[in-house]
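# this one's structure only:
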């Protein structure tokens, strides 16, 4: 995963984050997309509709970076 420091994060557009208002979970490369999926349920203070939007952003970015997602919804993340 490419390391993003505070300055790098400041330079990213809101559209580069799964949760743009909070500027949480950047989606700049495949590793960051995987990380956003792994940490998805750890983001606090967001509504279900914000999670729905974040999930759409993650899926779009995953497709762009060649990542296969088996979950149909963010509600399935972490389930066996």
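Okay, I see it. Bear in mind that the values here come from a model prediction, so they are computed numbers and not experimental data.
# What helices and strands are in contact with the longest helix seen in the chain?
With DSSP state H setting the assignment, residue counts place helix 48-64 as the longest helix in the chain. Using 3 or more CB pairs under 8 Å, 6 or more residues apart in numbering; DSSP states H and E, the elements in contact with helix 48-64 are strand 17-19, helix 30-39. Yep, even glycine has a C-beta here, placed from its N, CA and C like the rest.
# Quick check: buried residues in it?
50, 51, 53, 54, 55, 57, 58, 59, 61, 62 (16 or more other CB atoms under 10 Å).
# would you list those residues in CSV and tack on pLDDT and distance to residue 29?
Putting the buried residues of helix 48-64 into CSV (pLDDT from 0 to 100; distance: CB to CB, whole Å) gives the following:
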residue, pLDDT, distance to residue 29
50, 97, 23
51, 97, 22
53, 97, 21
54, 98, 17
55, 98, 19
57, 97, 14
58, 98, 13
59, 97, 16
61, 97, 9
62, 97, 11
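# Just send those back as a markdown table, with distance to residue 33 too.
Compiled in a markdown table, the buried residues of helix 48-64 are given as follows (distance: CB to CB, whole Å):
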| residue | distance to residue 33 |
| --- | --- |
| 50 | 18 |
| 51 | 16 |
| 53 | 15 |
| 54 | 12 |
| 55 | 12 |
| 57 | 10 |
| 58 | 6 |
| 59 | 9 |
| 61 | 5 |
| 62 | 5 |
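# Give me the residues contacting the helix or strand bottoming out on mean pLDDT in the chain.
Here the helix or strand of the chain ranked lowest by mean pLDDT, DSSP states H and E is helix 6-11, holding a mean of 90. The contact list for helix 6-11, computed with CB atoms under 8 Å, 6 or more residues apart in numbering, reads 23, 26.
# Quick check: residue 42 vs residue 60, distance?
Remark: distance between residue 42 and residue 60 (CB to CB, to the nearest Å) = 21 Å.
# Sweet, I'm off.
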